[in-house]
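In: Task: produce atomic coordinates for the following.
(2 chains)
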There are 2 protein chains.
Amino acid sequence: MTQTAPLLDLSADQKDRLDRQIDFLREVDKLKGVLRASRLLDDSRCENSAEHSWHIMLYVAVLGEHAAPEVDVSRVIRMLLIHDIVEIDAGDAPIHGNVDHEAMALKEAAAADRLFNLLPADQAREFRALWDEFEAAQSADAQFAKAIDRTQAPVGNLYSGGGTWIEYNVTMDQLDTRVGTPVNRGAPVLWAWLRPRLAAFFARA
Amino acid sequence: MTQTAPLLDLSADQKDRLDRQIDFLREVDKLKGVLRASRLLDDSRCENSAEHSWHIMLYVAVLGEHAAPEVDVSRVIRMLLIHDIVEIDAGDAPIHGNVDHEAMALKEAAAADRLFNLLPADQAREFRALWDEFEAAQSADAQFAKAIDRTQAPVGNLYSGGGTWIEYNVTMDQLDTRVGTPVNRGAPVLWAWLRPRLAAFFARA
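Out: Numbers count the residues shown, from 1 in each chain, chains lettered A, B, ... in the order given. All right, here's what the predicted structure looks like:
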């Protein structure tokens, strides 16, 4: 075996941090096995939460210009990078499903405790704070993140014949509440584009 | 149908930009159907390029502290967000496979032309420049991005009995070239952690 370039000498602290960081990065592979109610646009299978996370980060990179001026788009991308990791333990709660939101919040908090604490303590705190901010949906960054998280599935349903709306018997009134409220709060330009299309779909349905 | 909050009035230009942006965001859904040679850590199926992109962005968020000081971690995350989109048309070229790299580069450039140009022209140019920078692997950001892109599959193989190394009859010498060269260039701390583990695996194999 050849190794031409000399290897750096790592300190014990560097080694320990890398061990914990890689342990976390291996564990989160499981997010690829968490299935959502929504299906891919080609209708081949359900979407998983890892590829969903990638997709909505791209939504933010593309649609960031429509956010309020105080929104930090790179920070929103990081928020969405980690926003679903708790689902590894807690599972996904479908927006149109019959979910006990209090029980779910407890399961997700326990999941955040276990998963983020695989990281070195300073990073665990940093990731947890970002996830807590997302969940609280009070900051401008979190409200834009929530708006985008709520937009991707309806856009998919619009262009694939209704998707989960049919399955869950969803009405336009329900969409105004479940989708319109967070999207209009965090990204009113996007809701102004989306709502007439949703209304036209439901008028035809 | 009720719609309580009033809708914003969009300009024709805003509508046109949103139409193009959403068209692009629908088209890239196809990246979830592009399969890589590597399998998930639970060995249930092959990994797709969308969830792989999510995973290595998380690698960057966690391991960014080991990058050179001039690396802009948020910019690397954006680079990896879009780095595989060309695979929608060009497919994935397995690192240990028998690939005609010149033909692949042409296919990928044609894919970049088609896909990024779905976006408004200014964004198409911006995304294309970022992808070109990643491919050229000359800037500090691109070299760190490449290092991380080359790290995730070997870490997976290490902890799942060898994965694609077995399938493609890979040797430690080949890993030193195909993985060691780019990882040591962009993230020498990471290679100093990874190489002894790879060498121990191949010494046992």
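In: so what's residue A:22 up against?
Out: When contacts are counted by C-beta atoms under 8 Å, 6 or more residues apart in numbering or on different chains, residue A:22 is found next to B:155, B:193. For the C-beta atoms, the positions are set from N, CA and C on the backbone; glycine is no exception.
In: Could you point out the longest strand of chain A?
Out: strand A:35-39 (DSSP state E).
In: what does it contact?
Out: Outside strand A:35-39, the residues that touch it by C-beta under 8 Å, 6+ apart are A:45-49, A:52, A:92, A:94-97, A:153, A:156-157, A:160, A:163-164, A:167-168.
In: Run the contact check for the worst-scoring helix or strand of chain A on mean pLDDT versus chain B.
Out: Here the helix or strand of chain A ranked lowest by mean pLDDT, DSSP states H and E is helix A:164-167, holding a mean of 90. No - in terms of C-beta under 8 Å from any C-beta of the partner chain, no part of helix A:164-167 sits within range of chain B; the closest distance is 14.0 Å.
In: Quick check: pLDDT value at the closest residue in space to residue A:68 that isn't next to it in sequence.
Out: Excluding the flanking residues, the one nearest residue A:68 by C-beta to C-beta, 6 or more residues apart in numbering or on different chains is residue A:140, at 5.5 Å. Residue A:140 is assigned a pLDDT of 98 by the prediction.
In: before we move on, what about residue A:4?
Out: Value for residue A:4, per-residue pLDDT: 60.
In: so where's chain A uncertain?
Out: Within chain A, the stretches with pLDDT under 70 are A:1-4.
In: Can you show me the helices along it?
Out: A:12-27, A:49-63, A:73-82, A:87-90, A:101-116, A:121-136, A:140-158, A:164-167, A:172-175, A:181-186, A:188-204 (DSSP state H).
In: which parts of the last one are buried?
Out: Pointing back at helix A:188-204 there. Under the neighbour-count criterion of 16 or more other C-beta atoms under 10 Å in any protein chain shown, helix A:188-204 has A:188-195, A:198, A:201-202 buried.
In: which of those residues are close to chain B?
Out: Applying C-beta under 8 Å from any C-beta, the subset of the buried residues of helix A:188-204 adjacent to chain B comprises A:188-193, A:195, A:202.
In: so how far is chain B from residue A:57?
Out: 6 Å (C-beta to the nearest C-beta, to the nearest Å).
In: Not counting its neighbours along the chain, what's nearest residue A:154?
Out: Nearest to residue A:154 is residue A:179, by C-beta to C-beta, 6+ apart, at 5.6 Å.
In: how many other residues sit next to that neighbour?
Out: 22 (other C-beta atoms under 10 Å in any protein chain shown).
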